[in-house]
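Colleague: turn this into a structure:
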Amino acid sequence: MHKTITSTAEIQIYYNPECSKAKKALAYARSISSNVNAFDIQKTKGTGTIWHSILSKLNKSPKELLDKSLPYYQANIRGRDFEERDWVYLLMNNPHLVRSPIAVRGNKAIILDNPTDIYKI
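Modeller: Numbering: from 1, shown residues only. I've put the predicted structure just below:
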């Protein structure tokens, strides 16, 4: 996908184009930095290393990134417990389950549940 170390000038946005928050988050990101790299997680599969890096910067578990209201989650994942590597594998292979865009800048990352959260990074 790309390198995992980012400069503080660069903002990386990992997004699902079907997410209504994605376009707004990208627009806000471009309003605060001319160096925005957007990664459509539906088209560009993230590696385990990239997901581990994002999770570490977020200080979150993989399960916390998932949209638990989706029918796929309800039918296939709800109530199940996995090893962390399996959760990461699930993220890699089911990026549509990621609940919101994720922004990374330097060593900081944030889940953009509200597109204006980009201003916190």
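Colleague: quick one: Ser31 is in a helix?
Modeller: Yes: counting by DSSP: H, G, I helix; E, B strand; the rest coil, one finds Ser31 located in a helix.
Colleague: count the neighbours of it for me.
Modeller: Neighbourhood size, Ser31 [other C-beta atoms under 10 Å]: 11. In short, each C-beta sits where N, CA and C put it, glycine included.
Colleague: ditto for the one 3 residues further on
Modeller: Close neighbours of Ser34, defined as other C-beta under 10 Å, add up to 9.
Colleague: gap between it and Leu65?
Modeller: To Leu65, Ser34 is 28 Å away according to C-beta to C-beta, to the nearest Å.
Colleague: same check, this time on Gln74
Modeller: Taken as C-beta to C-beta, the span from Gln74 to Leu65 is 16 Å.
Colleague: any low-confidence regions in the protein?
Modeller: Low-confidence segments of the chain, defined by pLDDT under 70, are located at 1-7.
Colleague: which residue ranges of it form strands?
Modeller: Remark: strands assigned in the chain by DSSP state E are 11-15, 36-40, 102-105, 108-111.
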